[in-house]
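K.L.:
dropping the sequence and predicted coords here.
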2 protein chains.
Amino acid sequence: MTYSYATHASCPKCKTTYSIEEIQQLCSCGSPLLIKYDLHKLKKNWDRDKLGSRTNSLWRYHELLPIKEEKNIVTQGEGMTPLLHLEKLGERLDLSHLYMKDEGIIPTGSFKARGAAVGISKAKELGIQKLAMPTNGNAGAAWAMYATKAGIETTIVMPLDAPLVTRKESVFAGADVILVNGLISDAGKIVKNLVEEKGYYDASTLKEPYRIEGKKTMGLELLEQLNWQTPDVILYPTGGGVGLIGIYKALQELYELGWIEGSMPRLVAVQAEGCSPIVKAWQENKMESTFWEDSKTNAFGINVPKAIGDFLVLEAIYESNGCAISVSEENIQSLQREIATLEGAFICPEGAATFVAAKKLREEGWIGGDEKVICLNTGLGIKYADLISEEPLTILEPSEH
Amino acid sequence: MTYSYATHASCPKCKTTYSIEEIQQLCSCGSPLLIKYDLHKLKKNWDRDKLGSRTNSLWRYHELLPIKEEKNIVTQGEGMTPLLHLEKLGERLDLSHLYMKDEGIIPTGSFKARGAAVGISKAKELGIQKLAMPTNGNAGAAWAMYATKAGIETTIVMPLDAPLVTRKESVFAGADVILVNGLISDAGKIVKNLVEEKGYYDASTLKEPYRIEGKKTMGLELLEQLNWQTPDVILYPTGGGVGLIGIYKALQELYELGWIEGSMPRLVAVQAEGCSPIVKAWQENKMESTFWEDSKTNAFGINVPKAIGDFLVLEAIYESNGCAISVSEENIQSLQREIATLEGAFICPEGAATFVAAKKLREEGWIGGDEKVICLNTGLGIKYADLISEEPLTILEPSEH
């Protein structure tokens, strides 16, 4: 039995192909690489209806993942996160089919675990010893945890403002942590130097081609959970954009396998007003974004002033007839509270942003009231508990009751 | 189709029975009540091999849960948490079959979500409007979140020292939060008064009979994940002890259904040296514990000086040929770090305590090196991040690289 149907890596820009038996980073033309599969052969050998009996993690889709041998898998049981119908919030937003895919219910409490699980497993398969990466926090925490399990040393570079708990997670996993008094783009420059000087594997977003394969499983799961019926709209909080690119890739592969029919869902990139380079590019009908100066948002995971995969995000939006939209800090914060009190879910600000966007797009008529709408909550609210007040409280002595 | 095979509530002490169509709290004799099922009928109508195609949450076992109508279910997708073989830690502890059931990968990041999901669903079914409960933090956070989804008002009473994030979660869900400068036993007294004065539903541990049914699903899942083969030893961090009682109840029901064979696993109650009333009672061969004065531990969830269900915990230990053991704060802390660096898992101190106990019991020969050993990690380490250092760190300016 073939464990993985991955065949090679391919450049979406210049079409050069690369072997996946060796370490690959960017294409020589500077573009990220994408992994290709023998879908024709897979279609003959794999039956979607047999998935039910498989392991309850993203590894149930191992044929569509790039790890050649099962023994190299580094897992914490990640994947198969809940898909929840939010009836009360949906009623308030006039969306009768509003769903949340809750990526907080995963090891390390963030969807970053998917990219880390697949990326680290492949790094292990390739014999990587040391890696470095920039992060806004959650990716670093996830990669540090999975890497230490795999016996790989890591250097994590993150902004001083990244959520404190992600810094602690990375340190606790035994990673070398470097804080930079700046943005993820500054962290990226430090990693670039480390990679050049010390020969570390560069695990930066899209500079290795496997993280996206892990993120892709969000799309595979979502469609399996929807019984292979495509939804109408998928909203994704977009920083580096790998999740959106991954979901788009999943949909394309599922169409090719003949597992899904119906229209491609409209993909929506959601950004914060304080950092919305993809929204600006989309509004101007451009194929690439420009660096967003002085970016700022409490939805820290989407504070990415210029994404290396911006052109892939924009392609996914254009090709799916989707859109890009920015939302305010104030609306993110109030939606985060609204979903807690209505639905009992403590989601992260990035996740809350997608619901704000759904609300706006419904009000504008871009989304119909009966359409099936999926919002991705990318992580646990408790990782951002510093942003939340603990008032009002009553404090009593044991005698006072 | 019968959704639930629950028939009635029964007192394990005086054997009085009660209807589950009405609100029940303690038995008139003061004992907690346990829910009974028509296992004879269920055995005829339900096939364990058909579970695979069911929903990926604890509701896959709805026949063995007390909710009569599916429409009353309040869910965040809880359950089916990972069961992980810890090879590296196992090698270090000379345990070749060491497993962790990771209850951090669940809504609210703690196994308390199971009790809350089932307890709140039943409260909704019974028409409860307002409830109150004492908590060491995580249970309160979970019940506040599920209650608000169900439209039930809650008052949560917790010690001032409970993890800050659980206080924030409860407030964020819209609960009334009362802090007491004391222990959970002091919080319990405040709740008792609120219940008597205001007529609230008392959701204190074992004072309503449904929370334990939710916890029971840990045992059901564990056995399903082990392909219905009983393990040798199950270690559980024991405060109120409901998890242990629940797992024991699950095992008994599965034996009666004929779904499992082989010996009953030896159940181990793990406590902290600073609060080990169950260990003391077990060492003295008693059937009940006595109040532990001046209890103190960083494993906050197991800081319970006297559990109302202590006699049920002790019965489960005696009947399963298990034991009770206490572990030191220092060992908990170092094991917590060890499992992070070896296995990439950031578990809570309560969970770490079970691995310390497994190590000690292996050293003493009470556990054999080839036995199948299951440790329950009851929650996310990040909920206790205040206990974790962020050192060592390097801080750079963007220019310094």
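P.N.:
Perfect, I can see it now. Numbers count the residues shown, from 1 in each chain, chains lettered A, B, ... in the order given.

K.L.:
give the burial count for the residue of the stretch 301-401 of chain A found nearest chain B, as a bare number.
P.N.:
When you check the stretch 301-401 of chain A against chain B by Cβ to the nearest Cβ, the closest residue turns out to be A:Gly344, at 3.5 Å. Just so you know, the C-beta spots here come from the backbone N, C-alpha and C atoms, and that holds for glycine as well. The criterion is other Cβ atoms under 10 Å in any protein chain shown. On that basis, A:Gly344 has 27 neighbouring residues.

K.L.:
show me the contacts for it.
P.N.:
For A:Gly344, the contacting residues are B:Val74, B:Gln76, B:Ala144, B:Met145, B:Tyr146, B:Ala147, B:Thr148, B:Lys149, B:Ala150, B:Ala173, taking Cβ atoms under 8 Å, 6 or more residues apart in numbering or on different chains as the criterion.

K.L.:
what does the helix or strand that contains A:Gln336 rub up against?
P.N.:
Of the helices and strands defined by DSSP states H and E, A:Gln336 is found in helix A:329-343. Residues from elsewhere that reach helix A:329-343, judged by Cβ under 8 Å, 6+ apart: A:84, A:86, A:88-89, A:92, A:100, A:272-274, A:297-299, A:345-347, A:349, A:352-353, A:355-356, A:359, A:381, A:387, B:145, B:148-149, B:172-174.

K.L.:
excluding chain neighbours, what is closest to the residue minimising distance to the centre of chain A?
P.N.:
Compute the mean C-alpha point of chain A, and by Cα atoms, centre = their mean the closest residue is A:Gly243, 3.5 Å away. Ranked by Cβ to Cβ, 6 or more residues apart in numbering or on different chains and with sequence neighbours excluded, the top spatial neighbour of A:Gly243 is A:Lys215, at 4.9 Å.

K.L.:
can you give me phi and psi for the one you found?
P.N.:
phi -60, psi -30 (degrees, to the nearest 10).

K.L.:
what do you get for the one 3 residues further on?
P.N.:
Phi and psi for A:Met218, reported as degrees, to the nearest 10, are phi -60, psi -40.

K.L.:
just the pLDDT at it, thanks.
P.N.:
pLDDT, A:Met218: 98.

K.L.:
can you tell me the SS state at the residue nearest to the centre of chain A?
P.N.:
Per DSSP: H, G, I helix; E, B strand; the rest coil, the secondary structure class of A:Gly243 is helix.

K.L.:
and it, what does it touch?
P.N.:
Listed by Cβ under 8 Å, 6+ apart, the contact set of A:Gly243 reads A:Phe111, A:Lys215, A:Met218, A:Tyr236, A:Pro237, A:Leu376, A:Thr378.

K.L.:
nearest to chain B among those?
P.N.:
When the contacts of A:Gly243 are compared for distance to chain B (Cβ to the nearest Cβ), A:Phe111 wins out at 13.1 Å.

K.L.:
what's the separation between the residue lying closest to that closest one once chain neighbours are set aside and B:Leu164?
P.N.:
For A:Phe111, the nearest residue in space outside its immediate sequence neighbours is A:Glu103; the separation is 3.8 Å by Cβ to Cβ, 6+ apart. Relative to B:Leu164, A:Glu103 is positioned 24 Å away (Cβ to Cβ, to the nearest Å).

K.L.:
so which bits of the stretch 251-400 of chain A are right by chain B?
P.N.:
A:337, A:340-346, A:380-383, A:385, A:388-398 (Cβ under 8 Å from any Cβ of the partner chain).

K.L.:
and with 7 Å instead?
P.N.:
Residues of the stretch 251-400 of chain A lying close to chain B by Cβ under 7 Å from any Cβ of the partner chain are A:337, A:340-341, A:343-346, A:380, A:382-383, A:385, A:388, A:390, A:393-398.

K.L.:
and the strands in the stretch 1-150 of chain A?
P.N.:
Taking DSSP state E, counting those that start in this stretch as the criterion, the stretch 1-150 of chain A contains strands spanning A:6-10, A:17-18, A:34-37, A:83-85, A:97-102, A:130-134.

K.L.:
need the ones you listed in CSV (columns: distance to chain B).
P.N.:
What follows is the strands of the stretch 1-150 of chain A, written out as CSV (distance: least, Cβ to the nearest Cβ, whole Å):
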stretch, distance to chain B
strand A:6-10, 24
strand A:17-18, 29
strand A:34-37, 24
strand A:83-85, 6
strand A:97-102, 6
strand A:130-134, 11
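
K.L.:
how about JSON lines for the ones you listed, with mean pLDDT and mean neighbour count added?
P.N.:
Output for these, formatted as JSON lines (pLDDT from 0 to 100; neighbours: other Cβ atoms under 10 Å in any protein chain shown):
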{"stretch": "strand A:6-10", "mean pLDDT": "98", "mean neighbour count": "18"}
{"stretch": "strand A:17-18", "mean pLDDT": "98", "mean neighbour count": "16"}
{"stretch": "strand A:34-37", "mean pLDDT": "98", "mean neighbour count": "20"}
{"stretch": "strand A:83-85", "mean pLDDT": "98", "mean neighbour count": "16"}
{"stretch": "strand A:97-102", "mean pLDDT": "98", "mean neighbour count": "24"}
{"stretch": "strand A:130-134", "mean pLDDT": "98", "mean neighbour count": "26"}
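
K.L.:
hmm, back to that, tilt between the helix holding A:Gln336 and strand A:97-102?
P.N.:
Between the axes of helix A:329-343 and strand A:97-102, defined by axes from the mean of the first three to the mean of the last three Cα atoms, to 10 degrees, the angle is 100 degrees.

K.L.:
A:Thr75 and A:Asn56 touch, don't they?
P.N.:
No. When contacts are counted by Cβ atoms under 7 Å, A:Thr75 is not listed as touching A:Asn56 (11.2 Å).
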